[in-house]
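Participant: Here is my input; please provide its structure:
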Amino acid sequence: MEEEYKYLWVLDFNDLTVYNYRVLLYANAWEYHKILEDVGHDLKHIEWMLSPYDEAINATSDLRK
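Facilitator: Numbering: from 1, shown residues only. You can find the predicted model right below:
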């Protein structure tokens, strides 16, 4: 069985930076929490999401003028 990967996007409010990690797809959120803690993120000061995309979508052209 082939392993499935996703991209774990993290908005870190401690350093005001967006991070992107290529990770295996897991069934439980605690697996992602462990990864985030292992790389030094404070779970109380971040927002995270899984995405199939490795780059941010540039939606600037969608903004109303």
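Participant: Can you list the low-confidence ranges for the protein?
Facilitator: 64-65 (pLDDT under 70).
Participant: how does it look with 90?
Facilitator: 1-2, 27, 56-65 (pLDDT under 90).
Participant: show me where it has helices.
Facilitator: 29-38 (DSSP state H).
Participant: Sketch out the strands for it, chain order is fine.
Facilitator: Using DSSP state E, the strands of the chain run over residues 5-12, 17-24, 46-51.
Participant: Give me whichever of those strands is most buried.
Facilitator: strand 5-12 (a mean of 16; mean count of other C-beta atoms under 10 Å). No exception for glycine: its C-beta is placed from N, CA and C like everyone else's.
Participant: So what are the sheet partners of that one and their directions?
Facilitator: Partners of strand 5-12 in the sheet, by DSSP bridges, are strand 17-24 (antiparallel), strand 46-51 (antiparallel).
Participant: quick one, the last one and helix 29-38 angle?
Facilitator: In terms of direction (axes from the mean of the first three to the mean of the last three C-alpha atoms, to 10 degrees), strand 46-51 departs from helix 29-38 by 120 degrees.
Participant: Tell me which residues are up against strand 46-51.
Facilitator: The contact list for strand 46-51 (C-beta atoms under 8 Å, 6 or more residues apart in numbering) reads Lys6, Tyr7, Leu8, Trp9, Val10, Leu11, Asp12, Phe13, Asn14, Leu25, Tyr32, Leu36.
Participant: rerun at 10 Å
Facilitator: 6-14, 18-21, 23, 25-26, 29, 32-33, 35-36, 41, 57 (C-beta atoms under 10 Å, 6 or more residues apart in numbering).
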